[in-house]
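**Q** I'd like to go over a predicted model; first the sequence, then the structure.
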Amino acid sequence: MTVAANQQPTVPPPLELLEAFRLHFHQYHRAVNEAMSNPTDEVVLSRLHDDLQEYSALVVEHAHIFPVEELATVQQNLALMLNDARKGETPD
């Protein structure tokens, strides 16, 4: 694919997109761990849960760029993170 010098491709190449997904996954993982380790405002947890749902939908949409084993691991871990964020939103 060629692109004029002053234009940017509208969709990043699959490897770049995969690396972006990996980076965001690690950021969400740290955020959930931090939220579960320290008292966190319910609004923050709610927003984190919403963000994780959006990210999860994007993972499904772009599942074809992930190696099969990695996709399964990411989806399983996202489900666990969503569960943790949801549990953190409501008092026990």
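**A** Perfect, thanks for sending it. Every value quoted in this text rests on a predicted model; they were computed, and no experiment measured them.

**Q** what about residue 40, which SS state?
**A** When the structure is split into helix, strand and coil by DSSP: H, G, I helix; E, B strand; the rest coil, residue 40 lands in coil.

**Q** my read: it touches residue 88, true?
**A** Yes - counting by C-beta atoms under 8 Å, residue 88 is a contact partner of residue 40 at 6.5 Å. The way it works is simple: take the backbone N, C-alpha and C, and place the C-beta from them, glycine included.

**Q** more neighbours, the two?
**A** Neighbours per residue, other C-beta atoms under 10 Å: of residue 40 and residue 88, the larger number sits with residue 88, 20 against 17.

**Q** Can you give me the buried ones in the host helix or strand of the more buried one?
**A** Counting by DSSP states H and E, the secondary-structure element that holds residue 88 is helix 68-89. Neighbour-count burial for helix 68-89, counted by 16 or more other C-beta atoms under 10 Å, picks out 71, 74, 78, 81, 82, 84, 85, 88, 89.

**Q** roughly how far is that helix from the heart of the chain?
**A** Distance of helix 68-89 from the chain centroid (C-alpha atoms, centre = their mean, to the nearest Å) equals 9 Å.

**Q** next one: stretch 75-92
**A** Counting by C-alpha atoms, centre = their mean, stretch 75-92 is centred 13 Å from the centre of its parent chain.

**Q** Looking at this protein, which helix is longest?
**A** When the chain is parsed with DSSP state H, its longest helix is helix 14-37.

**Q** Which strands or helices does that helix pack on?
**A** Helix 14-37 sits against helix 42-61, helix 68-89, with contacts defined as 3 or more C-beta pairs under 8 Å, 6 or more residues apart in numbering; DSSP states H and E.

**Q** Can you tell me what sits against the longest one?
**A** Looking back up the chat, that one is helix 68-89. 21, 25, 28-29, 32, 35-36, 40, 42, 45-46, 48-49, 52-53, 55-56, 59-60, 63, 66 (C-beta atoms under 8 Å, 6 or more residues apart in numbering).
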